[in-house]
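Enquirer: what follows is a predicted protein model with its sequence.
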Amino acid sequence: MAQNISKLRNIGIAAHIDAGKTTVSERILYFTGVNRKVGETHDGQATMDFMKQEQERGITIASAAITTHWKDHQINLIDTPGHVDFTIEVERSLRVIDGMVAVFCAVGGVEPQSETVWNQADKYRVPRIAFVNKMDRVGADFNEVVSQMNKYLGANAVPIQLPVGVEDSFQGMIDLVNMKSVMFKDKERIVGDIPEDLREPAEAARRNMIEKIADVDDDIATLYLEDAEISAEQIMTAIRKATIHLLMTPVLCGAAYKNKGIQLVLDAIVNYLPSPLDIGAVIAHDPNNEEKTYQRNPSNNETFTALAFKLINDPFVGQQTFIRIFSGKLTSNMSLYNSNKGKYERAGRIYRIKAKEREEISEAGAGEIVALIGMKYTRTGDTLCDEKQPVLLESINVPPAVIEMKVMLDDRKNRDKLGEALAKLCNEDPSFHAHYDDETEETIIAGMGELHLEIIVDRLKDEFKVPVSVGKPSVSFRETITSAFECNYKYVKQTGGKGQYAQTVIRFEPNPGKGFEFVDVTKGGVIPKEFIPSVEKGLRKAMDKGPLAGYPVLDVKCVLVDGSHHPVDSSDMAFQVCAQMCFKQAFMKADPILLEPVMKVEINTPDEYIGNVTGDLNKRRGRIEDMRRFRKGSQKLDSFIPLAEMFGYATALRNITSGRANYSMEFSQYSPMSAASQEEILKLTSHC
């Protein structure tokens, strides 16, 4: 158990794909003594990328947690993916960390996924420091990256280092807080005085840094205006305070692959990022009354409260449930209450995790991130607490699945094996869904993108040993209504004995952007209270598969206006069936339409290909929102394109720009389809 909560740091490392997050993580593990040799992503030896699929592709897929130490501080480090298909991994990591290291490529600057991650961190109010990596690469430009951070992210980025050299001549940096030069030789940092030829630019950069800090810190502002001497300790205190309160982002630089700058990143994590004590109390809700809230302070003496944020199926120990403890103390075999499920759990063994390896511990305290073995009911986003004082913590936002794929078994004997494997994968990844379609007798899997489903299929074959073949990926459409309609439906069934009777009068209204809403306005007990939830349950069930083309229904408000019941023949099932039939009848008379997922696509392209790129986007029903100068000789396009038009886009973009453009996309929203496109989809579904 961490002895001193003030010396605990829960941090995430996040950025755009290929900015060097995992390389930074591996260097941190090397310099903190966790690893004796440096693991590399390009040769599949990275400690943090331990899944076979990660090693083959050289990218991070699952967020990996690891515990290490630096200068008497315990650091729980989470390395997150940069690819947008695995955005749920970033989302759930940000929910439980206290601080973040945002890594930027010195050449690429602020790239599409950098903005997504930054916005997610803003949502959870996570303090962050920035590390401009790859300073040794051709085209590296530290000042340009800082400028882009301010322009596109509103980061109030303040350099606390000045790079010495650039590209091939990058040697190290000047620490503007302590006014020392830091150079590197064979993984060793050499701290010395600032060379005479660099003293003037260093002093100018330090003045600029102090001016920026003075804008957000009154103590520094007073000293600056009085022209008084400002010590390194005073500057560090001010930077820490401003960073924790999200008033500024300290910016460091280096070249992780060449082992330059990592020790200073570790120093900055310890010096500037918050401990659980700095973050303070977390707000929890009463499970039976959302209006009632409680504070849970980061103390071992408080009532136990923790959030499950990740599940991993381990072949050796079974399911590992990762939790962040917000308050109280956890011991082996302790009884826990899952307030989301209303079930009791027992914390069997407690592990501190080192990526794929683990160290068993007997207890863990407030602020810690550990893995539990033996949890039966707990899933991502569930709260674990003391049964005497049950509370609910804010859960984790899961984006909707937008792409589907059929999975066929090569041998029907493996049907149960496939079901078990898919259930485990759904438990691990809440953005992945699987269901069996009784009508077509097909298993359908759904996820965030082509790569997401490709990885799932790989894992089914390699990890779970289920031989499957797959169909082509297809878009996951939705259905909704565009006008209001009131339906009066009576369900009567006589079968000789006790019959079935229910009557519902329901008004269906469009509810754009607000999802499903159920309102009961009946009076005088025309439908007994115990059957009102049955009506809602029936409506929810009916919306799983819309009458128009069999897709889930979105954004409908259902107002239960009237109805009737029979003292003997009415039942829970009768009202469920009645509500379903009522919905199906009304839906087709309320001007139903299909909705399609529209993606936000950001493209970086050299100037000479801008015509080719925009022409191709127009063919794909794309709408260009913004076009701006990205850096000299290249432009950035923000556009919205239906997902149906994005299959194979990577190859097309490579062909029309000679491989010099790149893009990133993320789900934006569901939007109405054009009449022609809808007709085409309806024709296809009617033939299926």
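Expert: Sure, I can see it.
Enquirer: can you give me the strands in the stretch 451-600 of the chain?
Expert: If DSSP state E, counting those that start in this stretch is used as the criterion, the strands of the stretch 451-600 of the chain fall at 468-470, 474-475, 478-481, 485-493, 500-510, 517-520, 556-564, 592-606.
Enquirer: worst mean pLDDT among those strands?
Expert: Mean pLDDT values for the strands of the stretch 451-600 of the chain show the minimum at strand 474-475, a mean of 83.
Enquirer: so what touches that one?
Expert: Outside strand 474-475, the residues within contact range by C-beta atoms under 8 Å, 6 or more residues apart in numbering are 402, 403, 404, 405, 596, 597, 642, 643, 644. The way it works is simple: take the backbone N, C-alpha and C, and place the C-beta from them, glycine included.
Enquirer: how far out from the middle of the chain is that strand?
Expert: Remark: strand 474-475 is offset 22 Å from the chain centroid, using C-alpha atoms, centre = their mean, to the nearest Å.
Enquirer: adjacent strands (with direction) for that strand?
Expert: The strands beside strand 474-475 in its sheet (DSSP bridges) come out as strand 403-409 (antiparallel).
Enquirer: need the CA coordinates for the helix or strand following the partner strand. PDB is fine.
Expert: Per DSSP states H and E, the first helix or strand lying C-terminal to strand 403-409 is helix 415-428. Backbone C-alpha positions of helix 415-428 (Å, rounded to 0.1, in the frame of the first residue of the first chain) are rendered in PDB as follows:
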ATOM      1  CA  ARG A 415     -20.900 -22.600 -31.500                       C
ATOM      2  CA  ASP A 416     -20.700 -22.600 -27.700                       C
ATOM      3  CA  LYS A 417     -17.000 -21.800 -27.800                       C
ATOM      4  CA  LEU A 418     -17.700 -18.800 -30.000                       C
ATOM      5  CA  GLY A 419     -20.500 -17.600 -27.600                       C
ATOM      6  CA  GLU A 420     -18.200 -17.800 -24.600                       C
ATOM      7  CA  ALA A 421     -15.300 -16.000 -26.400                       C
ATOM      8  CA  LEU A 422     -17.600 -13.200 -27.600                       C
ATOM      9  CA  ALA A 423     -19.100 -12.800 -24.000                       C
ATOM     10  CA  LYS A 424     -15.600 -12.400 -22.600                       C
ATOM     11  CA  LEU A 425     -14.600  -9.800 -25.300                       C
ATOM     12  CA  CYS A 426     -17.900  -7.900 -24.700                       C
ATOM     13  CA  ASN A 427     -17.100  -7.800 -21.000                       C
ATOM     14  CA  GLU A 428     -13.500  -6.500 -21.700                       C
END
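Enquirer: state the mean pLDDT of helix 415-428.
Expert: In this model, helix 415-428 has an average pLDDT of 86.
Enquirer: most centrally placed residue in the protein?
Expert: The residue lying closest to the centre of the chain (C-alpha atoms, centre = their mean) is residue 91, at 2.3 Å.
Enquirer: wait, a helix at that residue?
Expert: Yes - looking at residue 91 with DSSP: H, G, I helix; E, B strand; the rest coil, it is inside a helix.
Enquirer: which residue ranges of the stretch 301-450 of the chain form strands?
Expert: All strands of the stretch 301-450 of the chain, identified by DSSP E, counting those that start in this stretch, fall at 305-314, 318-327, 330-331, 334-338, 343-347, 349-354, 357-361, 363-364, 369-373, 383-385, 392-393, 403-409, 433-437, 442-447.
Enquirer: quick check: which of those strands is nearest to residue 591?
Expert: strand 403-409 (25.7 Å; C-beta to C-beta).
Enquirer: show residues contacting the closest one.
Expert: Contacts to strand 403-409, defined as C-beta under 8 Å, 6+ apart, come from residues 415, 418, 434, 442-450, 452-453, 457, 460, 466-476, 643.
Enquirer: in TSV, list the contacts of strand 474-475 along with neighbour count and distance to residue 152.
Expert: Formatted as TSV, the contacts of strand 474-475 follow (neighbours: other C-beta atoms under 10 Å; distance: C-beta to C-beta, whole Å):
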residue	neighbour count	distance to residue 152
402	24	25
403	23	28
404	20	33
405	21	34
596	23	28
597	21	25
642	19	25
643	22	25
644	20	29
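Enquirer: which one of these is nearest residue 121?
Expert: residue 402 (23.1 Å).
Enquirer: dig out what the residue lying closest to the closest one once chain neighbours are set aside forms beta bridges with.
Expert: Once flanking residues are discounted, residue 402 sits nearest to residue 597: 4.1 Å by C-beta to C-beta, 6 or more residues apart in numbering. Beta-bridge partners recorded for residue 597 (DSSP bridges): residue 670.
Enquirer: for residue 597, give me its contacts.
Expert: By C-beta under 8 Å, 6+ apart, the neighbours of residue 597 are 400, 402, 475, 476, 477, 642, 643, 667, 669, 670.
Enquirer: which parts of the longest helix seen in the chain are buried?
Expert: Criterion DSSP state H: the longest helix present in the chain is helix 196-214. Neighbour counts using 16 or more other C-beta atoms under 10 Å place 202, 205, 206, 209, 210, 212, 213, 214 of helix 196-214 among the buried residues.
Enquirer: I am finished for the moment; much appreciated.
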